[in-house]
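Asker: kindly return the folded structure for what I paste below:
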Amino acid sequence: MLKMKYLSLFLLIAMALTIGTAAIAQDGGEDAPTIPPLFDGERAYTHLESVMQFGPHPTGSEEIVLVGDLIIEHLEATGWEVITQEFVHDAVGVPFPVRNIIAKRGEGPITMLASHYDSRLWADNDPDPHKRQNLIPGANDGGSSTSVLMEYADMLNQYYDFNEQVWLVFFDAEDNGRIPGWDWIIGSRYMAENLDELGVTPEDFRLMILFDMVGEMDADDFEAPGIPATAGQQEFPIESYSLQSAPEHVEAIWLAAYQLGYGDIFPYRERGSITDDHLGFIEQGIPAVDIIDLNYPYWHTVDDTIDKVSPLSLERVGQVVEMYLLQLNVIQQVETEE
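Answerer: Numbering: from 1, shown residues only. Next up, the predicted model:
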């Protein structure tokens, strides 16, 4: 359960503070400068469409190579320095190449924004037993968070300068736990345990923020033909490892959501701990926050398709973290000429 001191602090801050430059009314009419949040959910959704054109893309497949190349091309086109971290995972004697993708901007302490970009080998949660060894499409589970980072590459390049260092990290080999020869979080754990390959140490990091399954369409939007009425609702309760690792960051991120009008999407209550890509970094002493919506009815099924993802859902989560980066002074808005 949440300790009362955290809940009390949240309520006091919510009544007393505002976040830096958050969507404050300004004079100047139509000619007023654009103000944050500037994260664009429609543009993020376009990136998701680009990723999903390749279909399922599990670790070691030709399709994940194409998805990774697409990500790298986009990052480089938007001005980011890109490196990769590659290794081979042995799954019951079969070698699978793994590629983590890291994009960098700025100097100083590192704030990492992260996602996995692989899709799962087995749809073992599918209601149809005959489909449980099929590949999953991974539109929400992997695709949504990948598209959020791709929009950050656009948005930060277009609107912001960097006061500190930002990394956008795309992990491979996250999603094959409970499959013989595999485990969860293989790519991220390798990176966390081999930071020296990247020329950094845990002390170089201020914070990691992980996005996972962040695009679920709201229940009210599932009235379109062919979309089941049993769909869920986007919601990000507080993940326990995150609260233990980075309580002040959790407090402030969920407050940012509240101030943006997304308090129902980011309810201030704790859920259980989750083995996810943040865990290896927490074990190295890096504060990490996992923004994840596990209450998704198509998780690890063949129906995790793009029609279950909403631009609005992508936009809400992207805007919340954008505003927190501003609050931390990791980024600042590019000054425009009057």
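Asker: sec struct for residue 145, please.
Answerer: Here residue 145 is recorded as helix under DSSP: H, G, I helix; E, B strand; the rest coil.
Asker: low-confidence ranges, the stretch 151-300 of the chain, go.
Answerer: Applying pLDDT under 70 to the stretch 151-300 of the chain flags residues 220-232.
Asker: so what's the closest residue to residue 237 other than its chain neighbours up against?
Answerer: Nearest non-adjacent residue to residue 237, counting by Cβ to Cβ, 6 or more residues apart in numbering: residue 271, 4.1 Å away. Using the backbone N, CA and C atoms, a C-beta is placed for each residue, glycine as well. Residue 271 makes contact with 237-240, 294, according to Cβ atoms under 8 Å, 6 or more residues apart in numbering.
Asker: which of those residues has the most neighbours?
Answerer: For those, the largest number of neighbours (other Cβ atoms under 10 Å) sits with residue 239, at 25 neighbours.
Asker: where does the residue nearest to that residue when sequence neighbours are not counted sit, in terms of helix or strand?
Answerer: Distance criterion Cβ to Cβ, 6+ apart; nearest residue to residue 239, sequence neighbours excluded, is residue 290 at 4.5 Å. According to DSSP states H and E, residue 290 maps onto strand 288-292.
Asker: tell me the SS of the residue nearest to the spatial centre of the chain?
Answerer: Central residue of the chain (Cα atoms, centre = their mean): residue 211, 2.0 Å from the mean position. Three-state call for residue 211 (three-state DSSP): strand.
Asker: my guess is it contacts residue 291. True?
Answerer: Yes: the pair residue 211 / residue 291 is scored as a contact, 5.5 Å apart, by Cβ atoms under 8 Å.
Asker: give me the common contacts of those two.
Answerer: Joint contacts of residue 211 and residue 291 (Cβ under 8 Å, 6+ apart) are 317, 321.
Asker: could you pull out the strands for the stretch 101-250 of the chain?
Answerer: Counting by DSSP state E, counting those that start in this stretch, the stretch 101-250 of the chain has these strands, from start to end: 110-116, 160-162, 165-171, 205-212.
Asker: mind putting those into a markdown table with distance to residue 266?
Answerer: Output for the strands of the stretch 101-250 of the chain, formatted as a markdown table (distance: least, Cβ to Cβ, whole Å):
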| stretch | distance to residue 266 |
| --- | --- |
| strand 110-116 | 17 |
| strand 160-162 | 23 |
| strand 165-171 | 22 |
| strand 205-212 | 13 |
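Asker: residue 50 is in what secondary structure piece?
Answerer: Here residue 50, judged by DSSP H and E, is contained in helix 41-52.
Asker: tell me the buried residues in that helix?
Answerer: 41, 43-45, 47-48, 50-52 (16 or more other Cβ atoms under 10 Å).
Asker: by contact count, what packs against that helix?
Answerer: helix 62-77, helix 145-159, helix 311-327 (3 or more Cβ pairs under 8 Å, 6 or more residues apart in numbering; DSSP states H and E).
Asker: so what touches that helix?
Answerer: By Cβ under 8 Å, 6+ apart, the residues outside helix 41-52 that reach it are 57, 67, 70-71, 74, 117, 137, 139, 143-144, 146-148, 150-151, 154-155, 215, 306, 309-316, 318.
Asker: drop anything exposed from those.
Answerer: Buried among the contacts of helix 41-52 (16+ other Cβ under 10 Å): 57, 67, 70-71, 74, 117, 137, 139, 143-144, 146-148, 150-151, 154-155, 215, 306, 309-311, 313-316, 318.
Asker: span of stretch 186-200 from start to end?
Answerer: 20 Å (Cα to Cα, to the nearest Å).
Asker: now find how far off-centre that stretch is within its chain.
Answerer: Taking Cα atoms, centre = their mean, to the nearest Å, one finds stretch 186-200 lying 18 Å from the centre of the chain it belongs to.
Asker: in it, what counts as buried?
Answerer: 186-192, 195, 198.
Asker: restricted to helices, list those.
Answerer: 186-192 (DSSP state H).
Asker: which of those residues sit farthest apart?
Answerer: 186 and 192 (11.1 Å; Cβ to Cβ).
Asker: next, count neighbours for residue 53.
Answerer: When neighbours are counted by other Cβ under 10 Å, residue 53 comes out with 12.
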